[in-house]
Structure formats: structure tokens, C-alpha cells
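Student: Output the structure for:
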Amino acid sequence: HMGATPSSTLPSGQSSPAPIYSPGEPEAPGYPNGGDTVRSEGSMVSGGAGGAPHYCYDTHTNTYYLRTFGHNTMDAVPRIDHYRHTAAELGEKLIRPSLAELHDELDKVRRPRDRDGYANGEEGTPTGEAAAAYTADSKGVVKFGWIKGVLVRCMLNIWGVMLFIRLSWIVGQAGIGLSVLVIAMATVVTTITGLSTSAIATNGFVRGVAKWDFRGAYYLISRSLGPEFGGAIGLIFAFANAVAVAMYVVGFAETVVELLKDNGALMVDEMNDIRIIGAITVVILLGISVAGMEWEAKAQIVLLVILLLAIGDFVIGTFIPVESKKLKGFFGYKAEIFTENFGPDFRGEETFFSVFAIFFPAATGILAGANISGDLADPQSAIPKGTLLAILITTLVYTGVAVSVGSCVVRDATGNVNHTIFTEWTNCTTAACKLNYDFSSCQKTECPYGLMNNFQVMSMVSGFAPLISAGIFSATLSSALASLVSAPKIFQALCKDNIYPGFLMFAKGYGKNNEPLRGYMLTFLIALGFILIAELNVIAPIISNFFLASYALINFSVFHASLAKSPGWRPAFKYYNMWISLIGAILCCIVMFVINWWAALLTYVIVLGLYIYVTYKKPDVNWGSSTQALTYLNALQHSIRLSGVEDHVKNFRPQCLVMTGAPNSRPALLHLVHAFTKNVGLMVCGHVHMGPRRQAVKELSTDLGKYQRWLIKNKMKAFYAPVHAEDLRDGGQYLMQAAGLGRMRPNTLVMGFKKNWRQADMRDVETYINLLHDAFDIQYGVVVIRLKEGLDISHLQAQGNRALALFFADQLLDASTQFQKKQGKNNIDVWWLFDDGGLTLLIPYLLTTKKKWKDCKIRVFIGGKINRIDHDRRAMATLLSKFRIDFSDIMVLGDINTKPKKENVAAFEEMIEPFRLHEDDKEQDVADKMKEDEPWRITDNELELYKTKTHRQLRLNELLKEHSSTANIIVMSLPLARKSAVSSALYMAWLEALSKDLPPVLLVRGNHQSVLTFYS
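Tutor: Model (predicted):
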């Protein structure tokens, strides 16, 4: 490194440990030693064993950077702290030196602390108190391993109400065989989703997921797929969790009511008791959740132990057949019962898929680990390991319980001691009959016991029934509480992202933990509404529908991210496959449809509606999503594909390079060109920065983002292209040669008319005219737009005082907005005097296809001979009808070559007088020298040579005032001037004379290649 101090500054034999400097080190006024930082002796602080040097961080002076390779240099070595987001709890974000700090001259270098250091969509520091609270809270936080953080939480969430009070009923309906298939189908869906979740969760840290935060699933999808799908799934996921509260509470209430019934203590009747107990329970849960969830973390292990004991209690109970339980259908493991219960026996309106819909919520809960990824010590390892193992263990338990209960308990039992058979029957057909019990009366009337009729079969089978009840209570209440907390948190996160501005009121948090109290109330009301249904079998399919939609989108997001081939998609978890994820997404959608077609259809419509809404509204968020990546990939692939296609006249479209300068400085120019390029052709706003290079280059980078955002905000379908050049001509040449990509390159140069040319430095006029010549040289078409009020309003914007600006320049401001309004029923007059390939006719046609211009009629004016007017009109009408361009009138002008009025000729001569050379009145040498120094001057010879052409421009102006003074806009053939033969001043005078005192004029000249065709 230049100017680096030698390593001999360290004691002999001691290597440099890449130190940083102490806060006590004095701040150096500049960058000594050739711009590399110098370490002072005072920066070494003794400490540690053996007095080894210890170096402190100093983030406030210009000695901020590491020593690199044993030398003092500003260049920093790669380290993780440079890549952190600011609020990262694992360490402080360090800012690497900027390119400017390493590359610019020393006196121009800004100090490190002056920079914000964020780019490429990184977000800045959280403000004040939030950042302080975050840092304080993150210190001393205990991080969980994969067992406690993921495995335990997932198993707790997956095992729940369905295991204890619906699995036996499902076995009764579907039989052992189909029940195992139901469990296997649910497992396939959750396993594929688990793999997809692992892939997303290990693709970097999900920011914003803090302690006991339940927003993980929403963050996973939204930050991966973007706001369009993220917003939709956030709403659905929040709603699913709100309904899940109702499901768990109803499961709890059902068990309580069963206990009340057993003890003869029902309050009203079973249904209403469930509603009453459910309502009371959800109010208590709301109070607990608002008070805080700190205890919930500590209770996890205890709850899991209770659940495991309950499952163990059931398993032990299956081996202890008690005589009294036989009346209720429990006989222990019997081959007869297994055989009888193996096949299905659907009753009522139940089918395989309706039973699957009721079971599926039992398989949800796989996102519990991902939801608290912010609290895991190593989420990239813990989430895949814990989630997939939890799915495996819970599936084995579900399958084991289903087979056990199907082998021990018959479908129907009376519970009546009188139905015992004391004499052996020979014509037994049922397993109960073979085991000496006659439950045949159940075929006529509904019995209270058996798999089909008693939801509390597991309690009945178990060795100690209260333990099953304790398991149900712990599973239902903990899950209900988790859902009651997660739904408002997910909804709050969604509202904070401001994807749907109507929900912004729910983003507000209260207290030190930023609790979403409004979200809690909304969740409470939704849950209460579903609790009043009081039927678990009705609520479960609704949840299945929404969870399947969430899982479908998680799987789709992995497929989408893989398809987009974004370099940022590099999951640490490698055991996923984009096609399996796609199959998982399709499977979820199919299952949704089979479970309940109208609910699935409604969900699809909601997701699609929300997607369209967000796509239309374009919220101001940048998450680096796969949608962005795929958009880029598609654009790249299509651009390359387009490059291999030859241009065809049928597909010609005006692709305009518009010399706007700053896009907001010439709104009339911008809006008029946008009117005929929007959704038709390319529009590039060219901006030439002149002046000192250093300043201009800085402006280029800031303006690029600023003005592109301005164009998007103002719904302009255009690109902004700034360049630095010595003058306008050079800048224009750079843009014409380099702007665009492949086939998407400009073919038409659009400029505003130089209104102040007579007062301006004539070298600028020379530059302006030469730019038009350059455009023709590069085979561009040219459009020059003139408004009599002018185009540039930047001087008014600079004044800042809107009232003053209106007072002095209301006409200019009105003119600058005239093309943003509906144009009404008026004329677009096309003076197609010279055949330029058809661009003069194509532009007005394209204007009439736009909504604001659709009421305007095209009138065509052409030159002709007086004795052939009818013939010329018919010929033009035939041509236009072949081009399929509607017109309201064709006028043939037979008097174009008539001499202009004398006063107009005199006015023209007066206008050009200051720019004439008058070589006839000067010595030859003096005249030649003057022409060489001022090539724009008009010679007497040139004026005489082009007298007819000059008169034509004056005459055309007279005709324009006569015929087109009321038109909305005039599109006219641009007169051409031969290079090196016609001086810039004369050409400028022609354009001035032709277009003065008229409505807005477009002077158009194509590149004389056909842009219209009447062939199909």
C-alpha cells in the first residue's frame, strides 16, 4: 500500500493483530501519511494475560479502520460486521471505507462518520428510543437450541385438540387404513412445506423477528415473494390464527362440557354450554395475552411433559381392559376389532376429504420454530432439524394412536349392562357380538359410546382419565394463547409495512413491548364469532383452507425464488427441490378445492384481488424479493430474444430519446411524448450534465435514482439517462449512440424548440443545430416541439414562491400542464408535406389511440397543384384508407408556392440582420476570417441561393395561421437543411418563421425508412 508504515513499528517478532484504535486517541485533522491512518503509541492498551496488547474500537475518529496485513491503511479486510444491518443483535454494524474515501484526492475525502453507508436497498438505523430499546433488550437474551426452540414448540403446536378428541372419531369414520392415509397425506403436505420453510429460513436472517415474536411466517413469505403475495398471505395467516383460537377454545369447552355432563352439572344444554364456557375462556385468555407472554416460554417444557404423560397414559390404558369399559366398546387389542375397523364406514354426510379437512389442523404448527427465528442460537441449523424431526415424531404418534384405538374400540357401544350376551351366538357378524356383547340396537338408534359417538374415547381407554383431560387442557389452552398472540402480531407487522393503507390504524403499539391492543380486540371479536358456532367439525375445515393457502404460498415462494435464479437465493439448507416445492404448492391448492370448493374459490379470489390491488398501488417497499428477481430475469431473457429478431415495418414503434434535461423541468415536452409512447414504445429522458467533471459525476449518481423515482411516482413509463459531456452536442451524441439495450434503442430524437435563440450565445445555437444534423447522420428521426409560451419551467420551480410564480408566469404554467388534461373534440392538423417514411402521420395516429386524445379528429393537409386538387385528394384518401388511419378531412394546398406577404418578408429580414455576414461589403480576407470564426453567420450568397425555401417557410406560416390556428396540435414536416451549406442561424430562422404564433407544433422528420405499411 502506498505510504504504509513498516511493520517494524511493532516490537521485534510480534505480529500485527489487526488492531483498532482507542477512543482516547486525539482526532487527526486530516489524513496523514499519504491518506493511510497512523497508529499512535497511546492506542495500545495493555490488558489480558501476559500484558498482550489489546485494541479498542473507535468509531468516531478517522482512525476507524482495521490495520490491514500488518500495515496502517484505510482499506479494510473482509469481515462480518461490514455486512450486518444496523440493528443486528449479534454485533455492531461497521462501515467499510467508501470508494470515494480510498480513491478521491485527500482534500476531497469526507470523514467516515459523515456517511450513512447504506446502499442497495439496505435500511438505516432505527430511530432513537427504538434502537436503544432494541440494544438493551438484546443484551443477555438466552438463545434457544434446536430442541427447546424448535422441536418442543413444533410438537406442542402440532399435537393438540385433534389428537385427543377427534382422532378416534376419524378412525371410526374412515377406518384404520384410510385414517393412516389421511395422516400420510397431511404429512406429505407438511413435510414438503417444512423443506420449503427450511430453505427460506436458512436463506439469511429474517430481520425484525425479535423475542417471542410470532410474525416469522409472514416475514418469510413477504420478504421472499414480495408485497403482492406477502400482503395477501399476511392477512390470510392472521385470520387463520384468529379462527384457530376459536377451534382450540371450542375443543377445550367441549371437554369441560363432557365432564359437566358426566357429573350431571350441565347449565343449559351441550351446545350452549360450549358457547358460554368458550366465551368466558377467550375473555380470560385475552386478559392473559395482553398482560404478557413471559411465562409462556417457561411453561413450554411443562406442557410438553403433560402431553407426553397423557399419550403414555393412553398407551398403557390400551393394555389394561377393564370389564366396565367393555360396555362402552373398549375390549383391548383384538384381531376381530382391527379387521372390522380397518375399512371405512362413513356416516352422515362425511366423506374421505371432509374427514381429512377436520384432521388437517392437527398437522399445522410446523411454523412454530420459524416464527421465533430471532430467538434461536443458530436458526439456519435449528429450523430444518427441529421442524422435520417434529413432523416425523408427531406423525408416528398420530399413526400409532390411530392404529391402537382402531384395534381396541368398536364403532358403536350402548354402555348398557343388559346388552351382555351370556349364551354363545353362532351367527355373529360384528366384533362386539363375537366378544359377547350385543350392540345391534345402535344400528336403529344412536348410541352414546364407541368410536363414532363418543369424542372422549381416549379418556375412556386411558389408565387415568384426568391425565387425558389435563393433556387436552394444556394442549388447547397453550395453542389458543399462542394463536391469540400471533394473529395480532402478524397483523401489526403487515399494517406497519403499510401495504394496505386502510389498516394503518392497527399498526399502533402500546407500552414498552409495543403490544398491538387494537389487533388483540379484532382477533378477540373474530375468535368469539367462530366460538359461537360451537362445532369443532365446522370450524376445522375453515382453518384447513387458510393454512393450506399459506402452505401453498410458502412452497410457491421457494419455487419462485429458485426459478428467478437470483444470486441472493443461496439457502444453507440444501435438501429442497424447486419442483417438489411446486408439486407441494399444487397439492395444497388441489386439496383446498377438494375439501370445500367454494371456500377454496373464495380464498383464491381474495388472494388474487389483494395481489392485483398491491400490484396497482405499488407500495414503496424494497425487500429484494424473488418477484423482483424474476422480473429482471424475464426482462433480460426477452431482451436477448428480441435482439435475435430483425426489425419489421409492421412492428415499428417510435422509440424516443427526449432531451428533457431534468424531467420535471419540461413537463409539456414529457407529457406530450409520453402520450404517444406510453405502452407503445421506449421513452428515454436524456439529461446532459455540463460543467466541472467532479461535480457533474456526483450529480449523475444522485439524479439517476431521484429522477427515475420521480418518473415512476408521476406514472411516466420512461427511463432517465443522464450523461456528463462538455456540451449539449457531445452529450446528445453519447446518448444517441449508447442509450437503450438491444432492440430497445431509441430511433427518434425529440427536442424542445430553442425559444431564446436570438438572445443566446450563437455557439449554443450552433451546437443545437449540429445535434439535429448528428441525429440525421445516425439515421434517427427528429421531432422538434414548440409551444409559444415555452417549455422550460425550471426557473419558476427555483423561485420557490408558488404565488409569485403564478403571478409572473401563469401562462407558462398553464401551457406546461395542457397535455395532462383531456383534449376534447378538436383537431390534430397534420401537414404532411414531404414523405419521410410516414413518421409525420404515425405520431398523430398514435395520439388518437390514447384516452385523453381519442375525441380528436385528424385533418390532413398536403401540397398539390391547383389544377389537380381533386386528384391529389383522392390519391391521399386512398393511401390513408390503405394505412387504415381514420381522418376527418383532407385539404390540398395549391398555393404553397405563392409569394409571402411583404411585411412578413421584411420582418424575416429584420430578424436575421444581426446574424448576417454581409461579405459583399467586406474585404475577402476579413469575410473569410469572420466566417471561419463564426460559422453560424448567414452569407449573402446563401441567402440568395435559398430564397425560395425561405419564402416557403414564411408562406407556410401564413397558411398555418389561416387553417390551423384553432387546432389542438399541429404536426408538420420539418424542413431539412443541407449540412455545411445552410448556416445554423438561417436554419434556426426558418424554424422560427415556420412555427411562430401558432398552437403547439411538432416539427417531424422521419429517417426516410418506411414506418407504415398497408401489407398484412
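
Student: Show the contacting residues for Ile236.
Tutor: By C-beta atoms under 8 Å, 6 or more residues apart in numbering, the contact set of Ile236 is 546, 549-550, 603, 606-607. In short, each C-beta sits where N, CA and C put it, glycine included.

Student: Which segments of the chain make up each domain?
Tutor: Partitioning the chain according to the TED database yields domains covering residues 146-215+239-413+422-534, 827-1015.

Student: Out of the ones you listed, which gets nearest to His648?
Tutor: Counting by C-beta to C-beta, His648 lies closest to domain 827-1015 out of the domains of the chain; the figure is 8.9 Å.

Student: what about that closest one, average pLDDT?
Tutor: Mean pLDDT, domain 827-1015: 87.

Student: about what we covered before: I'd like the domains of the chain as a markdown table, with distance to Pro746 appended.
Tutor: Rendered in a markdown table, the data for the domains of the chain read as follows (distance: least, C-beta to C-beta, whole Å):
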| stretch | distance to Pro746 |
| --- | --- |
| domain 146-215+239-413+422-534 | 36 |
| domain 827-1015 | 12 |
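
Student: Helix, strand or coil: sort out Met751 for me.
Tutor: Classification of Met751 using DSSP: H, G, I helix; E, B strand; the rest coil returns strand.

Student: The nearest residue to it once chain neighbours are set aside bridge partners, please.
Tutor: Across the structure, with C-beta to C-beta, 6 or more residues apart in numbering as the measure, the residue nearest Met751 apart from its sequence neighbours is Met659 (4.8 Å). Taking DSSP bridges, one finds Gly686 as the beta-bridge partners of Met659.

Student: quick one on the thing from earlier: out of the domains of the chain, which one sits most buried?
Tutor: Here the criterion is mean neighbour count by mean count of other C-beta atoms under 10 Å, and of the domains of the chain the winner is domain 146-215+239-413+422-534, at a mean of 20.

Student: chain center to it: distance?
Tutor: What separates the centre of domain 146-215+239-413+422-534 from the centre of its chain is 36 Å, taken as C-alpha atoms, centre = their mean, to the nearest Å.

Student: by contact count, what packs against whatever helix or strand Glu932 lives in?
Tutor: Using DSSP states H and E, the element containing Glu932 is helix 924-933. With contacts taken as 3 or more C-beta pairs under 8 Å, 6 or more residues apart in numbering; DSSP states H and E, helix 924-933 sits against no other helix or strand.

Student: And the next helix or strand past it?
Tutor: Remark: after helix 924-933, the chain's next helix or strand is helix 940-945, criterion DSSP H and E.

Student: chain center to that following helix, what's the gap?
Tutor: Going by C-alpha atoms, centre = their mean, the spacing between the C-alpha centre of helix 940-945 and its chain's C-alpha centre is 63 Å.

Student: of all the domains of the chain, which lies closest to Leu633?
Tutor: Closest to Leu633 of the domains of the chain, according to C-beta to C-beta: domain 146-215+239-413+422-534, at 17.4 Å.

Student: measure the closest one end to end?
Tutor: With C-alpha to C-alpha, to the nearest Å applied, domain 146-215+239-413+422-534 spans 37 Å between its terminal residues.

Student: Mind checking the pLDDT average for it?
Tutor: For domain 146-215+239-413+422-534, the per-residue pLDDT averages 83.

Student: Leaving out chain neighbours, which residue sits closest to the residue nearest the centre of the chain?
Tutor: Using C-alpha atoms, centre = their mean, the residue of the chain that lies closest to the mean C-alpha position is Gly226, 3.6 Å off. Once its chain neighbours are removed from consideration, Gly226 has its nearest residue in Ser625; the separation is 3.3 Å (C-beta to C-beta, 6+ apart).

Student: can you check Lys508 too?
Tutor: Across the structure, with C-beta to C-beta, 6+ apart as the measure, the residue nearest Lys508 apart from its sequence neighbours is Arg518 (6.5 Å).

Student: Roughly how far does the one you found sit from Gly231?
Tutor: Between Arg518 and Gly231 the distance is 19 Å, computed by C-beta to C-beta, to the nearest Å.

Student: and if you look at Lys325?
Tutor: In this structure, Lys325 lies at 53 Å from Gly231, with C-beta to C-beta as the measure.

Student: Can you verify my assumption that Gly781 contacts Asp836?
Tutor: Yes - taking contacts as C-beta atoms under 8 Å, Gly781 lies within contact range of Asp836: 7.4 Å.

Student: Low-confidence bits of the stretch 601-750 of the chain, can you list those?
Tutor: When the per-residue scores of the stretch 601-750 of the chain are filtered using pLDDT under 70, no range remains.

Student: ok so, going back, which residues do Gly781 and Asp836 both contact?
Tutor: Shared contacts of Gly781 and Asp836, counting by C-beta under 8 Å, 6+ apart, come down to 1004-1007.

Student: Distance to Val697 and secondary structure added to the residues you listed, as a markdown table?
Tutor: Compiled in a markdown table, the shared contacts of Gly781 and Asp836 are given as follows (distance: C-beta to C-beta, whole Å; DSSP: H, G, I helix; E, B strand; the rest coil):
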| residue | distance to Val697 | secondary structure |
| --- | --- | --- |
| Val1004 | 35 | strand |
| Arg1005 | 34 | strand |
| Gly1006 | 36 | coil |
| Asn1007 | 33 | coil |
